[in-house]
Every structure is written in C-alpha cells, then in structure tokens.
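A.B. asks: take this sequence and fold it.
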Amino acid sequence: MTRTILVIDDEPDLRAIARVAIEVIGGWSMLEAASGDEAVAAARASRPDAVLLDHLLGGEDGLDVAARLRAEEGLGSVPILMLSASLSIPASEHVDGFLAKPFNPRTLADEVAAAAGWIS
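C.D. replies: Numbering: from 1, shown residues only. You can find the predicted model right below:
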C-alpha cells in the first residue's frame, strides 16, 4: 500500500536523506516542510498517512507543532511521530511515538510503520 509521509525538519540534508529512506527504500511518497506553518499547510492540503516531526524545529518546539496539527480537522487520527536526538522529551498527548535521530535510512520506513501501528 502506498502511503504518504509528511517529514517536518528545518535541516534540508535530513529531509533529503529521509526522502531516500521513505521513497526509494520504503516505496512510499514523501511531502516535506521546514517549519510549523509549512507543515500545517501541507497537512491541510494532502492529509498524510503519518507525520515525522523534528523535536527542535528551528525556533519552534515540535510539540507545539504537533498540537497545531492535531487541532486540524481530519488529522486527529494521523500518527505523529517525534524525531529527536534527545532522550528526555516530555510526554505529549499529541505525539504517538518517538524515533531516534540520527536515524538509519535503511530502517526508517520499517520504524515508521511499526511506530504508526501499521505492522505488528
């Protein structure tokens, strides 16, 4: 099944690596955003199957962006997965899972699928 993943990160290099991991290795499609405003606009327009969101997004807190995404109509059940190098992220009702940064491009799609609950 083809899925669409919205990757939100302020680092262009990370988004490029994620694109290879998601599209080439995972066989899915990827949308990208570099800020919370871009993320909300992309999510409104595309209704992704999952969101992969950087915890520290430039001057924004990824948890705040997750809350904004959750507030959007039709996005309440879309898995939001926080991507972070930090081991101490506060729990949030708006985030469904956490993935380590840096990530392994070869396993990212499988990690997203597992964290999103698409495989057991």
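A.B. asks: for this structure, give me the ranges with low pLDDT.
C.D. replies: For the chain, the stretches with pLDDT under 70 are 1, 87, 120.
A.B. asks: where do the helices sit along it?
C.D. replies: For the chain, the helices defined by DSSP state H cover 12-19, 36-46, 62-71, 108-116.
A.B. asks: need the residues that contact the shortest one.
C.D. replies: When contacts are taken as C-beta atoms under 8 Å, 6 or more residues apart in numbering, the neighbours of helix 12-19 outside the stretch itself are 7, 9, 30, 32, 34, 52, 54, 101, 103, 105, 108. No exception for glycine: its C-beta is placed from N, CA and C like everyone else's.
A.B. asks: which parts of that helix are buried?
C.D. replies: For helix 12-19, a neighbour-count test (16 or more other C-beta atoms under 10 Å) marks 14-15, 17-19 as buried.
A.B. asks: counting neighbours, what do you get for residue 114?
C.D. replies: When neighbours are defined as other C-beta atoms under 10 Å, residue 114 has 14 of them.
A.B. asks: how long is stretch 74-83 end to end?
C.D. replies: 22 Å (C-alpha to C-alpha, to the nearest Å).
A.B. asks: could you pull up the residues touching the nearest residue to residue 96 once chain neighbours are set aside?
C.D. replies: Distance criterion C-beta to C-beta, 6 or more residues apart in numbering; nearest residue to residue 96, sequence neighbours excluded, is residue 79 at 4.5 Å. Residue 79 sits next to 49-51, 96-97, 115-117 when contact means C-beta under 8 Å, 6+ apart.
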